[in-house]
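Q: Can you look at this prediction? I've put the sequence above it.
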Amino acid sequence: MKLNTAMPKNIKPFYKEEIYKYSCALHRHEMAKAWHHLERAHIIGQRFPIQHTETHWKMLILGYRTGNFKEIIGQVVRLVFGAPLSFINQIPVGNVGSSRVSMTKPQPIPKDIQEVFME
């Protein structure tokens with residue numbers, strides 16, 4: 001069994017870019033864009049426990065800020081199970097991480113994000 005610990009250096013800039021875009025959108029109160037970038041960050045970081053947990057934490061906070069009770073509950077559950085599952089590489093690949101999608105459902109990975117993993 002492969003254990004995932006640290007995000008590879010070639011992937012980290014793409015993850016950080018999505019987190020930066022999330023922060024900018026949040027600062028401008030563009031919540032839909034903020035969600036979009038957090039979901040993309042989740043896809044990139046879901047195989048790595050630190051980044052996976054970070055995106056779910058940010059989703060929990062964003063759920064709180066937007067008053068989305070379903071998202072808050074969904075993120076609490078994902079925080080409990082997400083990091084341990086990413087550590088042992090047992091994640092639904094491509095899942096966006098928000099409560100709008102089942103946490104066990106694999107999803108297609110956007111082409112530009114697929115390219116991140118090929119570099």
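A: Yep, that arrived. Residues are numbered from 1 along each chain as shown.

Q: and Ile43, how far is that from Gln51?
A: Ile43 sits at a distance of 11 Å from Gln51 (criterion: C-beta to C-beta, to the nearest Å). Where C-beta positions appear, they are placed from N, C-alpha and C, glycine not excepted.

Q: oh, I was asking about Gly97
A: Gly97 sits 11 Å away from Gln51, taking C-beta to C-beta as the criterion.

Q: These two: who's more crowded?
A: Neighbour totals were compared for Gly97 and Gln51, and Gly97 leads with 26 against 23 (other C-beta atoms under 10 Å).

Q: Contacts only, for the more buried one.
A: Leu38, Glu39, His42, Ile43, Gln46, Thr55, His56, Met59, Arg78, Gly82, Met103 (C-beta atoms under 8 Å, 6 or more residues apart in numbering).

Q: filter those to the buried ones?
A: Those of the contacts of Gly97 that meet the buried threshold are Leu38, Glu39, His42, Ile43, Gln46, Thr55, His56, Met59, Arg78, Gly82, Met103, by 16 or more other C-beta atoms under 10 Å.

Q: element containing the third one?
A: Element membership for His42 (DSSP states H and E) is helix 31-45.

Q: which helices and strands sit right next to the following helix or strand past that helix?
A: Where DSSP H and E defines the elements, the next helix or strand beyond helix 31-45 is helix 49-65. Judged by 3 or more C-beta pairs under 8 Å, 6 or more residues apart in numbering; DSSP states H and E, the packing partners of helix 49-65 are helix 12-27, helix 31-45, helix 69-87.

Q: how about 7 Å then?
A: helix 31-45, helix 69-87 (3 or more C-beta pairs under 7 Å, 6 or more residues apart in numbering; DSSP states H and E).

Q: Output it as PDB - backbone C-alpha positions only.
A: Only the C-alpha atoms of helix 49-65 are listed here, as PDB (Å, rounded to 0.1, in the frame of the first residue of the first chain):
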ATOM      1  CA  PRO A  49      -3.400  14.700   3.800                       C
ATOM      2  CA  ILE A  50      -2.200  18.300   4.600                       C
ATOM      3  CA  GLN A  51      -3.700  19.900   1.500                       C
ATOM      4  CA  HIS A  52      -6.800  17.700   1.600                       C
ATOM      5  CA  THR A  53      -7.500  18.700   5.100                       C
ATOM      6  CA  GLU A  54      -6.700  22.400   4.400                       C
ATOM      7  CA  THR A  55      -9.300  22.500   1.500                       C
ATOM      8  CA  HIS A  56     -12.000  20.900   3.700                       C
ATOM      9  CA  TRP A  57     -11.200  23.300   6.500                       C
ATOM     10  CA  LYS A  58     -11.500  26.300   4.100                       C
ATOM     11  CA  MET A  59     -14.800  24.800   2.800                       C
ATOM     12  CA  LEU A  60     -16.100  24.500   6.300                       C
ATOM     13  CA  ILE A  61     -15.200  28.200   7.000                       C
ATOM     14  CA  LEU A  62     -16.800  29.300   3.700                       C
ATOM     15  CA  GLY A  63     -19.900  27.200   4.500                       C
ATOM     16  CA  TYR A  64     -20.100  29.100   7.800                       C
ATOM     17  CA  ARG A  65     -19.600  32.500   6.200                       C
END
